[in-house]
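Trainee: Dropping a prediction and its sequence here:
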Amino acid sequence: MPSGEELQKEIVNTNAELQTECSKSDFENDTPVIPEEVYSKLPDVLKNGSNVFTVVRERDIFLTSALTVLSGCFPNIFGLYGGEKVYANLYSFIIAPPASGKGRMKYAREICELIHKERMGVLTANKALATELQPLFIPGNISSSALIEQLQKNDGVGIICESEADTISTALQQDWGDFSDILRKAFHHESISLKRRKGGEYIEVTSPKLSCAITGTPDQIKGLIPSVNNGLVSRFLYYYFTEPAQKKEIGRLAGKINLSEHFAEIASEVLVKFQKISQHSSIEFLLTDDQFTVLNSLFKKYEDEAQSFINGHANSLVNRLQLMSYKIAMVLSVLSTDLTALGDRQQIKCKDQNFEIALALSEIYFQHAIAVFRRLSAKSNCTSSSLKGLVKNFYDLLGEEFSREKAIEIAKGLSIKERTAANYLKQLVETKHLEKLAHGKYKKFK
């Protein structure tokens, strides 16, 4: 097992290799895509599901949604994070223009559809044995009281999977449907409760295990999350882009693959995994001490970067994204582990490859989250004094007018990676620290 320092160097080098897969234009004009090498290292369920999509953004949408939906399928997997017991559950919000591939999320749901049917008793040979219904998927237009009731019947388990953010935001704006507080508490598995006026009935869900996958357009963001001060904003993984959808030729996709049949086969594999895990009362997920060291070190750097662009909200974003990175590693580890070999240990240890994938994905989601926070923020930091840390050092060394190539050269002297420097330039333009004169040409605002 490599030391913490060796593992950190290995992950930094891996991320540097992954970053070369993305074009410069991605970082100048929009948010980054998930690198190709991440897909080559995924567990088979995710790799086989992703590889049928030839449009990069669609593939990223599927993977982000699949990680989220699968996070709600294995409620007896837990880990100790900061001394607290946490489960794999994730929230994700995919934000993109109309007709840009967001519909690929439906296939993420399909790979878990058989688990939903088994919990509903549809797959039970003797239907008389199917007693209390425990659906895996819970509709997003549910009332707050009905959501608590259903979670109680489900032993806290559920997945909200909606292709239109308005379905949830409309419910949240109604007195009967405002379950924003439930989402906020469930993210940290905090107890939620309900007391009825009639009959004095008291309902409590002591450790909710709720996952939530949503897609929507940029105009729908504020309907769900009105501002950066809303507690929900830092609880989501974000995948956000604004460029127009790629024009696709209509025909037989990906070598004559029937997508419904393809994902039905993957659903069967996921069901088997679910059934094997269900044979265990609980399974503990473990990171090594060295992996925790790397995780903490990496997210300290993210915190410094976030402070430069979303000062006042950096801590909540970075702290929760770090937790979600841990949960992504948990999902990847469950999917790649041979459960028949667990024996009596009842433990799953995180392999370095899964840990590296989780960190590489977290870097992408971090950049997307910054973009969403910037969109939601009504204020911009417009003076150099508002910059901090490495970003300020980078900014101070830039000339009054300069080229992108010169900025990259300066960044290398500060040990800043090219992709990160390109993102700094994009954010500095958005915050009015820089003005973009032409392609690859910038100047500082006076």
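Mentor: Arrived safely, thanks for sending.
Trainee: Residue 53: what secondary structure?
Mentor: Assigned by DSSP: H, G, I helix; E, B strand; the rest coil, the conformation of residue 53 is coil.
Trainee: Go ahead and confirm it touches residue 65.
Mentor: No - look at residue 53 against residue 65 with C-beta atoms under 8 Å: they stay out of range, at 11.6 Å. (Each C-beta comes from the backbone N, C-alpha and C, glycine too.)
Trainee: list residues touching both of those two?
Mentor: Both residue 53 and residue 65 are in contact with residue 104, where contact means C-beta atoms under 8 Å, 6 or more residues apart in numbering.
Trainee: And these two? Which one has more around it.
Mentor: With neighbours defined as other C-beta atoms under 10 Å, residue 53 and residue 65 compare such that residue 65 has more, 27 against 21.
Trainee: In which helix or strand does that one reside?
Mentor: helix 56-70 (DSSP states H and E).
Trainee: name the helices or strands packed onto that helix?
Mentor: For helix 56-70, the packing partners by 3 or more C-beta pairs under 8 Å, 6 or more residues apart in numbering; DSSP states H and E come out as helix 44-50, strand 91-95, helix 105-110, strand 157-162, strand 209-216, strand 237-240, helix 314-336.
Trainee: average pLDDT for that helix?
Mentor: Averaging pLDDT along helix 56-70 gives 97.
Trainee: After it, which helix or strand is next?
Mentor: In N-to-C order, the element after helix 56-70 by DSSP H and E is strand 77-81.
Trainee: Check which helices and strands whichever helix or strand comes after that next one sits against.
Mentor: Next helix or strand after strand 77-81 toward the C-terminus (DSSP H and E): strand 84-87. Judged by 3+ C-beta pairs under 8 Å, 6+ apart, strand 84-87 is in contact with strand 77-81, helix 314-336.
Trainee: Turn these into JSON lines, including mean neighbour count.
Mentor: Converted to JSON lines, the helices and strands packed on strand 84-87 look like this (neighbours: other C-beta atoms under 10 Å):
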{"stretch": "strand 77-81", "mean neighbour count": "18"}
{"stretch": "helix 314-336", "mean neighbour count": "22"}
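Trainee: Could you dump those into TSV with mean pLDDT and distance to residue 120 added?
Mentor: Below are the helices and strands packed on strand 84-87 laid out as TSV (pLDDT from 0 to 100; distance: least, C-beta to C-beta, whole Å):
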stretch	mean pLDDT	distance to residue 120
strand 77-81	97	22
helix 314-336	96	22
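Trainee: how about these in JSON lines, adding distance to residue 144?
Mentor: Shown next, in JSON lines, are these (distance: least, C-beta to C-beta, whole Å):
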{"stretch": "strand 77-81", "distance to residue 144": "26"}
{"stretch": "helix 314-336", "distance to residue 144": "22"}
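Trainee: how does this structure divide up, domain by domain?
Mentor: 4-376, 384-444 (automatic domain parsing).
Trainee: most tightly surrounded among those domains?
Mentor: Burial of those is given as mean neighbour count (mean count of other C-beta atoms under 10 Å); domain 4-376 ranks first at a mean of 18.
Trainee: possible to save the helices and strands packed on helix 56-70 as a markdown table with distance to residue 203?
Mentor: A markdown table is the format used below for these (distance: least, C-beta to C-beta, whole Å):
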| stretch | distance to residue 203 |
| --- | --- |
| helix 44-50 | 35 |
| strand 91-95 | 23 |
| helix 105-110 | 27 |
| strand 157-162 | 15 |
| strand 209-216 | 15 |
| strand 237-240 | 29 |
| helix 314-336 | 27 |
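Trainee: for the ones you listed, which one sits closest to residue 257?
Mentor: Nearest to residue 257, of all those, is helix 44-50, at 10.6 Å by C-beta to C-beta.
Trainee: other SSEs contacting the closest one?
Mentor: helix 36-40, helix 56-70, helix 259-278, helix 314-336.
Trainee: could you check the angle strand 77-81 makes with the third one?
Mentor: If you take axes from the mean of the first three to the mean of the last three C-alpha atoms, to 10 degrees, helix 259-278 sits at 70 degrees to strand 77-81.
Trainee: And the longest one, by the same measure?
Mentor: Going by the same axes, to 10 degrees, helix 314-336 is angled at 140 degrees with respect to strand 77-81.
Trainee: So residue 179 is in contact with residue 147, correct?
Mentor: Yes - assessed by C-beta under 8 Å, residue 179 is found in contact with residue 147 at 5.2 Å.
Trainee: and stretch 107-119, how far from the chain's centre?
Mentor: Centroid separation for stretch 107-119 versus its chain: 20 Å, with C-alpha atoms, centre = their mean, to the nearest Å.
Trainee: any residues touching it, and which ones?
Mentor: With C-beta under 8 Å, 6+ apart as the test, stretch 107-119 has contacts from 45, 49, 62, 65-66, 68-70, 72-73, 123-124, 133-137, 154, 159, 161, 213, 259-260, 263-264, 266-268, 270-271, 274-275.
Trainee: CA atoms only: put that stretch into PDB for me.
Mentor: The C-alpha coordinates for stretch 107-119 follow below in PDB (Å, rounded to 0.1, in the frame of the first residue of the first chain):
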ATOM      1  CA  TYR A 107     -31.700   5.100 -18.500                       C
ATOM      2  CA  ALA A 108     -30.100   5.700 -15.100                       C
ATOM      3  CA  ARG A 109     -33.600   5.000 -13.600                       C
ATOM      4  CA  GLU A 110     -34.100   2.000 -15.800                       C
ATOM      5  CA  ILE A 111     -31.000   0.200 -14.400                       C
ATOM      6  CA  CYS A 112     -32.700   0.200 -11.000                       C
ATOM      7  CA  GLU A 113     -36.200  -0.500 -12.200                       C
ATOM      8  CA  LEU A 114     -36.100  -4.200 -11.300                       C
ATOM      9  CA  ILE A 115     -35.100  -3.300  -7.700                       C
ATOM     10  CA  HIS A 116     -38.200  -1.000  -7.600                       C
ATOM     11  CA  LYS A 117     -40.400  -3.800  -8.900                       C
ATOM     12  CA  GLU A 118     -39.000  -6.300  -6.400                       C
ATOM     13  CA  ARG A 119     -39.700  -4.000  -3.500                       C
END
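Trainee: Give me the mean pLDDT for that stretch.
Mentor: Average pLDDT, stretch 107-119: 94.
Trainee: and what of stretch 234-244?
Mentor: For stretch 234-244, the per-residue pLDDT averages 91.
Trainee: Contacts for it, please.
Mentor: Here stretch 234-244 has contacts from 29-31, 57, 60-61, 64, 67-68, 90-97, 100, 183-184, 187, 212, 218, 225, 313, 316-317, 319-321, 324, 365, 368-369, 371-372, 375, using C-beta under 8 Å, 6+ apart.
Trainee: Swap in 7 Å and give it another go.
Mentor: 29-31, 57, 60-61, 64, 90-97, 184, 187, 218, 316-317, 320, 324, 365, 368-369, 371-372 (C-beta atoms under 7 Å, 6 or more residues apart in numbering).
Trainee: Then stretch 159-176?
Mentor: By C-beta under 7 Å, 6+ apart, the list of residues contacting stretch 159-176 from outside reads 69, 72, 102-103, 105-106, 109, 136-138, 140-144, 177-180, 211-216, 220, 223-224.
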